[in-house]
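Trainee: turn this into a structure:
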Amino acid sequence: MRKGMVLSSALWMTAAVFFLPACSAKPTAAKKNSQAIPVVTSVVKVGNLTDQVILNGQCSPALLTKVTSKQSGKVSQVYVQMGDVVHVGQPLIQLDTSDLQIQLEQQQAALQVAQAQAEKAKVEAQRSFTQSNNSWSKEKAAAYSTLNQEKANVADAQSKLNQDQALYAEGAIPKQDVDNAALTLKNAQTRYEAAQKQYQVALADQTPYDQESINVAEAQVTQAQASVDSTKHLIQEMSITSPVNGIVVSRDVEVGGFSGTQGSVVTIAQLNPIKINVNVPESLIDKIRTGSAVSMTIPAINQQRMQGTIARINPVEDSTTKTYNVEVDVQNNNQQIKPGMVAQVTVGGLQPRQAIVIPANALIQTPDGPKVFTVENNVAHQHLVKIGVMKPDVVEIKDGIHTGDVLVTQGQDFLSEGKTVEITGPGKQDQHTKAGKSGRKKSAQGDQSQ
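Mentor: Residues are numbered from 1 along each chain as shown. Presented below is the predicted three-dimensional model:
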């Protein structure tokens with residue numbers, strides 16, 4: 001009896017082991033179905049793109065200037081705050097100049113000494129020249145007097161020789177008197193020539209003005225003046241002024257801190273005109289030109305439409321976004337437009353054309369680029385897509401999906417590749433259509449293989 005009961009218990013436990021997995025199979029399947037993510041879909045179709053397109057852009061300053069210092073030093077004064085309007089030449093930062101002021105005073109004293117020495121050199125040179133000139137004048141006068149006297153002696157000796165020659169011709173005097181007169185003339189001429197040479201020597205002996213000493217002293221003055229001017233220039237550079245007109249957007253140093261020559265002390269933005277950066281797809285880049293007028297709205301301000309001008313077009317495509325950066329200039333007289341605001345720029349004058357368009361909200365932005373999800377047999381598949389024209393409500397798809405694909409338009413933020421989905425709402429029938437097409441396609445492929 002006991003043995004039969006043990007056997008019955010063993011049979012019951014064995015049956016339970018096989019029975020329990022079978023009973024749990026249905027709840028597991030039900031749980032799996034309950035994990036399907038609900039989504040809304042639509043079929044990808046070809047649509048019309050109108051003759052204008054709206055592109056999103058971001059406002060930025062026309063010019064952003066990071067003001068740096070030419071000199072290093074301790075900050076003693078900061079004259080501006082963030083948001084202040086500044087003008088060219090307006091003081092921004094003052095660095096400490098106490099050491100330079102002491103240096104300047106020493107150099108100015110050295111300059112005064114050099115100037116005094118230069119004046120002294122001029123006075124000494126003039127005095128020496130005057131004394132030398134007085135002595136030279138006396139020597140020159142004596143030599144000149146001797147020269148004139150010897151010249152007169154030559155004239156007298158020549159006259160005496162002429163007279164004696166005439167008397168000798170008449171027989172009134174002997175030949176010896178004529179010879180004596182000729183010798184006297186010769187001696188007078190010799191003394192006259194000597195007097196001429198002495199006079200030339202007296203003229204050459206004049207002591208020149210001592211210009212060399214003056215030049216050396218004046219060079220020392222120039223050197224001292226250059227040192228003073230250099231220090232004054234350094235002191236001026238310790239006062240940092242604004243190089244442009246604009247608005248202070250950051251104050252990068254504070255009183256008591258140290259300012260070097262590498263980092264900025266103040267950042268200034270020019271906000272009029274303001275610049276709007278727009279990424280234009282390659283399908284449109286050849287249809288816009290610099291100087292063309294565009295219109296835009298900035299939702300953060302109001303819905304009033306403003307006018308701008310295409311100012312610059314980057315000729316190189318961004319390898320990540322496959323778009324070209326275009327800068328639009330907009331007048332911002334009241335500076336109501338702030339950097340960072342989003343603008344919706346309308347570019348007109350484009351030719352209407354056919355293209356694959358999808359709802360803009362179907363796109364998901366990822367680090368790898370924009371992507372979308374499609375559904376086939378209740379399974380989600382992700383696709384990286386190449387976008388073209390972007391409008392507020394629709395986006396052109398250049399590559400990545402095809403017409404007839406079942407596109408997820410709601411619920412895609414909760415999906416990943418291979419997730420099970422449940423199509424709800426409008427588009428539920430699209431899954432069956434897609435599945436039917438897929439089945440017929442596979443059937444046709446199977447027939448061809450046979």
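
Trainee: next, count neighbours for G404.
Mentor: Here the number of neighbours of G404 (other Cβ atoms under 10 Å) works out to 14. In short, each C-beta sits where N, CA and C put it, glycine included.

Trainee: that's a helix at it, yeah?
Mentor: No. Assessed with DSSP: H, G, I helix; E, B strand; the rest coil, G404 is coil; it does not lie in a helix.

Trainee: quick check: it touching V44?
Mentor: Yes. With contact defined as Cβ atoms under 8 Å, G404 reaches V44; the gap is 6.4 Å.

Trainee: from E193, how far out is the closest residue to K160 other than its chain neighbours?
Mentor: Using Cβ to Cβ, 6 or more residues apart in numbering and skipping the chain neighbours, the partner closest in space to K160 is A181 (5.0 Å). With distances taken as Cβ to Cβ, to the nearest Å, A181 is found 19 Å from E193.

Trainee: tell me which of the two has more neighbours.
Mentor: The neighbour count for A181 versus E193, taken as other Cβ under 10 Å, is higher for A181 (22 against 12).

Trainee: which residues does Q196 contact?
Mentor: Q196 sits next to L147 when contact means Cβ atoms under 8 Å, 6 or more residues apart in numbering.

Trainee: for the helix or strand containing it, the distance to its chain's centre please.
Mentor: Following DSSP states H and E, one finds Q196 within helix 175-204. Relative to the centre of its chain, helix 175-204 is centred 89 Å away, using Cα atoms, centre = their mean, to the nearest Å.

Trainee: after that helix, which helix or strand is next?
Mentor: helix 211-237.

Trainee: if you count contacts, what does that following helix end up packed against?
Mentor: With contacts taken as 3 or more Cβ pairs under 8 Å, 6 or more residues apart in numbering; DSSP states H and E, helix 211-237 sits against helix 98-170.

Trainee: what angle sits between the helix it packs on and helix 211-237?
Mentor: Interaxial angle, helix 98-170 versus helix 211-237 (axes from the mean of the first three to the mean of the last three Cα atoms, to 10 degrees): 160 degrees.

Trainee: returning to what we had before: could you report the pLDDT at the residue nearest to K160?
Mentor: Note on A181: pLDDT of 83.

Trainee: so who does it touch?
Mentor: Neighbours of A181 in contact, by Cβ under 8 Å, 6+ apart: A157, K160, L161, Q163, D164, Q165.

Trainee: in this protein, which residue is closest to the centre?
Mentor: Centrality entry for the chain: nearest residue to the mean C-alpha point is T65, 8.0 Å, by Cα atoms, centre = their mean.

Trainee: what strand or helix carries A311?
Mentor: Using DSSP H and E, A311 sits within strand 302-313.

Trainee: quick one: strands adjacent to that strand?
Mentor: Strands that pair with strand 302-313, judged by DSSP bridges, come out as strand 293-298 (antiparallel), strand 323-330 (antiparallel).

Trainee: may I have it as CSV, with CA atoms only?
Mentor: Output in CSV follows, covering the C-alpha atoms of strand 302-313 (Å, rounded to 0.1, in the frame of the first residue of the first chain):
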residue,chain,number,x,y,z
ASN,A,302,7.6,88.0,-33.1
GLN,A,303,6.1,86.7,-36.3
GLN,A,304,6.8,89.9,-38.3
ARG,A,305,8.6,89.2,-41.5
MET,A,306,12.0,90.8,-41.9
GLN,A,307,14.3,91.3,-44.9
GLY,A,308,17.9,90.2,-45.3
THR,A,309,20.6,89.7,-48.0
ILE,A,310,22.7,86.7,-48.8
ALA,A,311,26.1,88.0,-48.0
ARG,A,312,28.5,85.0,-48.2
ILE,A,313,28.3,81.4,-49.5
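
Trainee: so what are the domain limits for the protein?
Mentor: As assigned by automatic domain parsing, the chain contains the domains 37-51+352-449, 53-94+247-347, 101-230.

Trainee: bridge partners for N302, pull those for me.
Mentor: I298.

Trainee: try the one 10 residues further on
Mentor: Bridge pairing for R312 (DSSP bridges) gives the partners E327.

Trainee: distance check, it against R289.
Mentor: Noted for R312: a distance of 12 Å to R289, by Cβ to Cβ.

Trainee: compare the two (neighbour count), which wins?
Mentor: Shown here are R312 and R289; by other Cβ under 10 Å, R312 has more neighbours (13 against 9).

Trainee: can you report how many residues lie near the nearest residue to N245 once chain neighbours are set aside?
Mentor: Using Cβ to Cβ, 6+ apart and skipping residues adjacent in sequence, the residue nearest N245 is H87, 5.3 Å away. As a burial measure, H87 scores 10 neighbours (other Cβ under 10 Å).

Trainee: who are the contact partners of V88?
Mentor: Taking Cβ under 8 Å, 6+ apart as the definition, contacts of V88 comprise T241, S242, P243, V244, N245.

Trainee: phi, psi of the first one?
Mentor: Translated: T241. phi -110, psi 160 (degrees, to the nearest 10).

Trainee: go ahead and confirm it touches V86.
Mentor: No. Using Cβ under 8 Å, T241 is not in contact with V86, being 9.1 Å away.

Trainee: so, low pLDDT: which residues of this protein?
Mentor: 1-34, 50-51, 129, 131-140, 202-210, 349-351, 425-450 (pLDDT under 70).

Trainee: of the contacts of V88, which is the most crowded?
Mentor: Counting by other Cβ under 10 Å, top hit in these: S242 with 21 neighbours.

Trainee: which residues of the stretch 301-450 of the chain fall in helices?
Mentor: In the stretch 301-450 of the chain, the helices defined using DSSP state H, counting those that start in this stretch lie at 428-449.
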